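[1] Quick one, what's the 3D model for this:
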Amino acid sequence: RENDVGKDVYFATTLYIHPTNLCELSCPMCSFYAKPGWKTAWMLTPEMIETKIRDNLDKDINEIHVVGGLWRECNLDYYQDVFTRIKNIDPNLHIKALTPVEYDFLSRIHGITIEEVFEKMMSWGLGSLPGGGAEILVEEIRKKIAPGKITSDEYLNVHRIAHKLGLKSNITMLYGHIEDDEHIITHLDKLRCLQDETKGFQAFVPLKYHIENNALGKRQNRLKPKDIERIYPVSRL
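    Numbers count the residues shown, from 1 in each chain. All right, here's what the predicted structure looks like:
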C-alpha cells in the first residue's frame, strides 16, 4: 500500500441523495425498490434535492452521492437540472453519481452511446462514479440475484469507458448470499485485471448482504454466510 499511495488517507463528507426508489427491475436481493402505488415509494424533484442539500450545508459536506432506481422520469433532462442546481449551490461540491446499471439505462432510453451519456453528465458537473450494482460479477450468480441487470462484462465495460474519459470510480462486491468462495475470487480477479488496465478505481468496498425486506432473504436455506474477517483481508490483497 505504501509503495502505491504512500501514507496518505483520503475521505469525503458525503450527502446521499436517492432521487427515487421506483425501479423497473425487481431484483430478489434488493430491499430498496418500489413500484407505483406502494406506500414506500418516493420521487424527488430537482427542487426537493436542492432543498435537501441546502439544509445540510452546515455539516461541511464536500461530496454529493446520487444513486436511485431505474425510472424513466429520471432521464438526462432530470439529471442536467439536478447537477446544475448542485453546482449553483457550490461549484466545489463533488458529484459522485449513478452506477453502470443506471448509465446503461440512460443510454438505452435516449438511444445514445454510454460515452455520449458520460460526456453530457461531465459537462454538467459529474466528477466520479460510485461502486454500486456490481453484486457478484459471475453470471450464474448474477442471473439469480439480479436478473434484468446488465451482465458482468457490460458492467465492467461502463467503468472502463468512464476511466478512459478521465472519470475515477469506486467498485463494490455484495457477499454473503448464494455465492461460493470461488465466485468471490473470480469477482476480485476481474476487478484487479481492470484496475491493472485502467488504474481508474479509487476504492473497493465489500458490502455484506442483508436479509431484511427482500425476496432472497426469505429463502434462508439457500444463503451461504461468509466470514467478514476473511473477506476484508483477502480483498485487500
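[2] quick one: which helix or strand includes the closest residue to E102 other than its chain neighbours?
    Of all residues not flanking E102 in the chain, L70 sits nearest, at 6.6 Å (C-beta to C-beta, 6 or more residues apart in numbering). All C-beta spots, glycine's among them, are computed from the backbone N, C-alpha and C. For L70, there is no helix or strand it lies in under DSSP states H and E.
[3] Return the alpha-carbon coordinates of the longest helix along the chain using PDB.
    Criterion DSSP state H: the longest helix present in the chain is helix 181-198. Extracted in PDB, the C-alpha atoms of helix 181-198 (Å, rounded to 0.1, in the frame of the first residue of the first chain):
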ATOM      1  CA  ASP A 181     -15.800 -18.700  -2.300                       C
ATOM      2  CA  GLU A 182     -14.800 -19.300  -6.000                       C
ATOM      3  CA  HIS A 183     -17.200 -16.700  -7.100                       C
ATOM      4  CA  ILE A 184     -15.700 -14.100  -4.700                       C
ATOM      5  CA  ILE A 185     -12.200 -14.900  -6.100                       C
ATOM      6  CA  THR A 186     -13.500 -14.600  -9.700                       C
ATOM      7  CA  HIS A 187     -15.100 -11.200  -8.800                       C
ATOM      8  CA  LEU A 188     -11.900  -9.900  -7.200                       C
ATOM      9  CA  ASP A 189      -9.800 -11.100 -10.100                       C
ATOM     10  CA  LYS A 190     -12.000  -9.300 -12.600                       C
ATOM     11  CA  LEU A 191     -11.600  -6.100 -10.600                       C
ATOM     12  CA  ARG A 192      -7.900  -6.500 -10.300                       C
ATOM     13  CA  CYS A 193      -7.500  -7.100 -14.000                       C
ATOM     14  CA  LEU A 194      -9.500  -3.900 -14.900                       C
ATOM     15  CA  GLN A 195      -7.500  -1.900 -12.300                       C
ATOM     16  CA  ASP A 196      -4.300  -3.100 -13.900                       C
ATOM     17  CA  GLU A 197      -5.600  -2.000 -17.300                       C
ATOM     18  CA  THR A 198      -7.000   1.500 -16.400                       C
END
